[in-house]
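Chemist: My questions are about this predicted structure, shown below with the sequence.
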Amino acid sequence: MKPQNISFHHPLAFWIGCIAIIGGVLAHVPMFMMGRHTGWQMVGMEMDATMLTGMAMIPLGVLLAMYGLMPRIAQMKKSLHGDRHLQFHVADGVPLNGEHWKLVIVLVIALAVDVLKPATLGFVMPGMTTEYEISKQTAGILALVALTGTTVGSVLWGRLADVFGRRAAILLSALMFIGTAICGAMPAFGWNLVMCFLMGASAGGLLPITFTLMAETVPAAHRGWLLVALGGVGTSAGYLLAAGSAALLVPEFSWRALWLLGLPTGLLIVFLGRYIPESPRFLANAGLDDEARAVLARFAGAQASGSATAEVAPAAVIAEAEPPAAGIAQLLRGPHARITWGLMVCGVAWGLVNFGFLLWLPTNLGSMGMDATAASALLARSALLALPGIALVIWLYHRWSSIGALVLFIALTAATLLVFFGLGVARVQSATAMVITTALLLVSSSGVIAMLIPYAAEIYPVHLRGTGSGVVAAGSKFGGILGAGFGVLGVFGHFAASALLIALPMAVAALMLARSGIETRGRGLEDIQQALGEGRGSAP
């Protein structure tokens, strides 16, 4: 069967918008090519008419594409305000098939591209600092702006996914990737800040949506391990792409080439969009039952008769009542409130670890008397030792307990930070002790983020799943913003105190989720909602 997806309101508007965005980016190429005579430096260049026209075409194209991506709103509104929704989903007993694996591969590629964008920040900083003749502190504003963008984008795109659909939100994010590629041709640092915020918003938005779509499409028996594997493989691939692109392109075309990668990588996601179906749960919840059945026919392995309303084997479809949407406030009250707060506290604490404590660790090791080269080598060895940790995370999440594995790694992160606190107070300079402790922190913190968003994608109802995943993802980005701010204030210069400061909220999050978390392993998404409503958290 050829891929069949929800019909957009105006497909022509979408493709015209795509052409406008691509044309707007290409309009910046002539000025970029002028830089080949100056070592690809464009600082101080005056924008010509072609470049300004291209800048105007991009937001116009985004608006046109967004309009084209909207589904049949009238039909959706009628259903969303009804008294009863029919919820269709692939039954838990359906085995994984070729359609599932196609989706997994496409979403891994999308997530790798998503991680690639912010991961390039570290590689553009040196060249940008030199070309614009700015201090490292000023250049650091770029990272802060990007993190702010990811925080806003996680919430905004999550909400868009719940209103207009998961597939539409993914494609819109890809178009934003393409549009923000012009950051590589900006002659002034201020324009880089604007584009970096928009890039961060699209990157932050794509992350939770990929997990949401995966959670709503994969059978419960395989959902947990595939979600965690998606995060682990996609994130690793994204960082590898960033490092490889920097090594290949920066020496020849300067740091600007890394931003220009947004054009081909965004186009890749758009072209792969035909293999990204809309979530059958979203379609059914929106009243588009025929489209939901067509998607289910693919993933249930049924042989379609060629029509959009092809019947699926009765055992593969379950019809259930779905309560009407209650809005974003439902995340913070009722059965989801305690889990939401626990996940958000955990996300903020993780952001402080990743964008604060680990970022400043080489500097702190140097202040404790360790040679700078030795400190870098220590972190490299620790990272290598931490690599097998993702396999352990997948095994525990899938074979033991989803909430148990998450709480375990949160508690392990808090305990490791307390060990760092003890080492700092005692002024221990043992390389062996530092390698082991750092490796433990990398393993535990990587495990936390590998499970955090997948778990969030499993516990919320269909009409709030994108929003809930986005809010939790935004918590981790907000922790990064706090980490950057604390770094400026010098908090992380106090090695022991900063370790203790982060260990406390991490421990609180572990306690909150141990008390309120619900087991999702092997459960259908609707069963999880029923258990939450009845106050049952243990596995059946």
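Modeler: The structure has been received and is ready for your questions. Keep in mind the model is a prediction, meaning the values are calculated, not measured.
Chemist: what helix or strand is the residue nearest the centre of the chain on?
Modeler: Centroid-nearest residue in the chain, with Cα atoms, centre = their mean: L207, separated by 2.0 Å. Assigned by DSSP states H and E, L207 falls within helix 189-215.
Chemist: doesn't V472 make contact with the residue nearest to the centre of the chain?
Modeler: No - counting by Cβ atoms under 8 Å, L207 stays clear of V472, with 10.4 Å between them. C-beta here means a position set from N, CA and C on the backbone, and glycine is covered the same way.
Chemist: list residues touching both of these two?
Modeler: Common contacts of L207 and V472 (Cβ atoms under 8 Å, 6 or more residues apart in numbering): I453.
Chemist: residue ranges with poor pLDDT in the stretch 101-250 of the chain?
Modeler: 136 (pLDDT under 70).
Chemist: quick one: the host helix or strand of P264 to helix 189-215, angle?
Modeler: Using DSSP H and E, P264 sits in helix 262-271. Helix 262-271 runs at 20 degrees relative to helix 189-215, counting by axes from the mean of the first three to the mean of the last three Cα atoms, to 10 degrees.
Chemist: pLDDT averaged over the following helix or strand past helix 262-271 - what is it?
Modeler: Remark: after helix 262-271, the chain's next helix or strand is helix 280-285, criterion DSSP H and E. In this model, helix 280-285 carries a mean pLDDT of 81.
Chemist: Which elements pack onto helix 280-285?
Modeler: Applying 3 or more Cβ pairs under 8 Å, 6 or more residues apart in numbering; DSSP states H and E, we find helix 280-285 packed against strand 85-87, helix 289-299.
Chemist: Among these, show me which one is buried the most.
Modeler: Greatest average neighbour count among the helices and strands packed on helix 280-285 goes to helix 289-299 (a mean of 23), per mean count of other Cβ atoms under 10 Å.
Chemist: who does that one touch, helix- and strand-wise?
Modeler: helix 98-119, helix 280-285.
Chemist: how about 6 Å then?
Modeler: When contacts are defined as 3 or more Cβ pairs under 6 Å, 6 or more residues apart in numbering; DSSP states H and E, helix 289-299 sits against helix 280-285.
Chemist: chain center to the helix it packs on, what's the gap?
Modeler: Centroid displacement of helix 280-285 relative to its chain, using Cα atoms, centre = their mean, to the nearest Å, is 22 Å.
Chemist: Taking helix 98-119 as reference, get the angle to the helix holding L207.
Modeler: 160 degrees.
Chemist: continuing past helix 189-215, what's the next helix or strand?
Modeler: helix 220-253.
Chemist: Around E252, how many other residues sit close by?
Modeler: Neighbours of E252 under the rule other Cβ atoms under 10 Å: 8.
Chemist: quick one: contacts for it?
Modeler: Listed by Cβ atoms under 6 Å, 6 or more residues apart in numbering, the contact set of E252 is empty.
Chemist: Relative to R36, how far out is it?
Modeler: 10 Å (Cβ to Cβ, to the nearest Å).
Chemist: Ok, L193 next?
Modeler: Counting by Cβ to Cβ - L193 and R36 are separated by 25 Å.
Chemist: Which of the two has more residues huddled nearby?
Modeler: A direct count of neighbours by other Cβ under 10 Å for L193 and R36 places L193 higher, at 17 against 10.
Chemist: Count the neighbours of the nearest residue to I390 once chain neighbours are set aside for me.
Modeler: Leaving aside its sequence neighbours, I390 sits nearest to G232 (Cβ to Cβ, 6 or more residues apart in numbering; 4.0 Å). G232 has 23 neighbouring residues, counting by other Cβ under 10 Å.
Chemist: G232 reaches A391, doesn't it?
Modeler: No - assessed by Cβ atoms under 6 Å, G232 is found out of contact with A391, at 8.5 Å.
Chemist: which element is L64 on?
Modeler: helix 49-69.
Chemist: buried residues in that helix?
Modeler: Residues of helix 49-69 classed as buried by neighbour count (16 or more other Cβ atoms under 10 Å): M51, G54, M55, M57, I58, G61, V62, L64, A65, M66, G68, L69.
Chemist: Test my guess that the first one contacts P30.
Modeler: No - between M51 and P30 no contact is recorded; they are 7.8 Å apart, counting by Cβ under 6 Å.
Chemist: ok, back up a step: among the buried residues of helix 49-69, find me the one that's closest to R523.
Modeler: Comparing the buried residues of helix 49-69 against R523 with Cβ to Cβ places L69 closest, at 32.0 Å.
Chemist: Can you give me the pLDDT of the closest one?
Modeler: 83.
Chemist: Does the nearest residue to it once chain neighbours are set aside belong to a helix, a strand or coil?
Modeler: Take L69 and drop its neighbours on the chain: the residue closest to it by Cβ to Cβ, 6+ apart is A168, 4.1 Å away. Three-state call for A168 (DSSP: H, G, I helix; E, B strand; the rest coil): helix.
Chemist: What's the local residue count around A168?
Modeler: Around A168 there are 26 other residues, counting by other Cβ under 10 Å.
Chemist: and the gap between it and T210?
Modeler: 14 Å.
Chemist: so what sits against both of these two?
Modeler: Contacts common to A168 and T210, judged by Cβ under 6 Å, 6+ apart, are absent.
Chemist: Could you count how many residues lie near P95?
Modeler: Per other Cβ under 10 Å, the neighbour tally for P95 reads 10.
Chemist: Likewise for L156?
Modeler: L156 has 18 neighbouring residues, counting by other Cβ under 10 Å.
Chemist: quick one: what helix or strand has it in it?
Modeler: Using DSSP H and E, L156 maps to helix 136-164.
Chemist: Between helix 98-119 and that helix, find me the angle.
Modeler: Interaxial angle of helix 136-164 relative to helix 98-119 (the same axes, to 10 degrees): 150 degrees.
Chemist: buried sites along helix 136-164?
Modeler: Those buried within helix 136-164 under the rule 16+ other Cβ under 10 Å are 139-164.
Chemist: Then stretch 420-427?
Modeler: Those would be F420, F421, L423, G424, for stretch 420-427 by 16+ other Cβ under 10 Å.
Chemist: what sits against the nearest residue to the last one once chain neighbours are set aside?
Modeler: Spelled out, that is G424. Of all residues not flanking G424 in the chain, A496 sits nearest, at 3.1 Å (Cβ to Cβ, 6+ apart). For A496, the contact set (Cβ under 6 Å, 6+ apart) comprises F421, G424, V425.
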